[in-house]
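A.B. asks: give me the fold of what follows.
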Amino acid sequence: MKRDVPLCDEYPCIRYPEDLESYGYEGALQAGMALCVEAYVGEVGGRDGIKLENPLLVTETGFELLTHYPFEDFCVMSG
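C.D. replies: Numbers count the residues shown, from 1 in each chain. The predicted model follows:
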């Protein structure tokens, strides 16, 4: 999922490929745009979870991460 960098859900939101027909964004990503890529990690239907976000900058050749927080050092997975 992608959204703009501010701290709330807002348009445009780029979701999963299977959501394109219902929620599609017909715009184009261009160099200089800042985006926030996020993932929610938690048990389906569960009470607890965590939302992990990485802001990035779209470049001419791809993207540049704007943060380098080591999520793997922070997250504890339970079995």
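A.B. asks: tell me where the chain has strands.
C.D. replies: Taking DSSP state E, the strands of the chain run over residues 2-3, 34-42, 49-59, 62-65.
A.B. asks: what's the closest of those strands to residue 72?
C.D. replies: Nearest to residue 72, of all the strands of the chain, is strand 49-59, at 10.5 Å by CB to CB. Any C-beta I mention is one placed from the backbone N, CA and C, and that applies to glycine too.
A.B. asks: okay, and the helix or strand of this protein with the least pLDDT?
C.D. replies: The helix or strand of the chain with the poorest confidence is strand 2-3; it has a mean of 50 (mean pLDDT, DSSP states H and E).
A.B. asks: doesn't residue 64 make contact with residue 57?
C.D. replies: Yes: under the criterion of CB atoms under 8 Å, residue 57 makes contact with residue 64 at 4.7 Å.
A.B. asks: comparing those two, which residue is more hemmed in?
C.D. replies: For residue 57 versus residue 64, neighbours defined as other CB atoms under 10 Å are more numerous around residue 57 (15 against 11).
A.B. asks: show me what the residue nearest the centre of the chain bridges to in the sheet.
C.D. replies: Among the residues of the chain, the one closest to the centroid is residue 37, at 1.8 Å (CA atoms, centre = their mean). On the basis of DSSP bridges, residue 37 is bridged to residue 2, residue 54.
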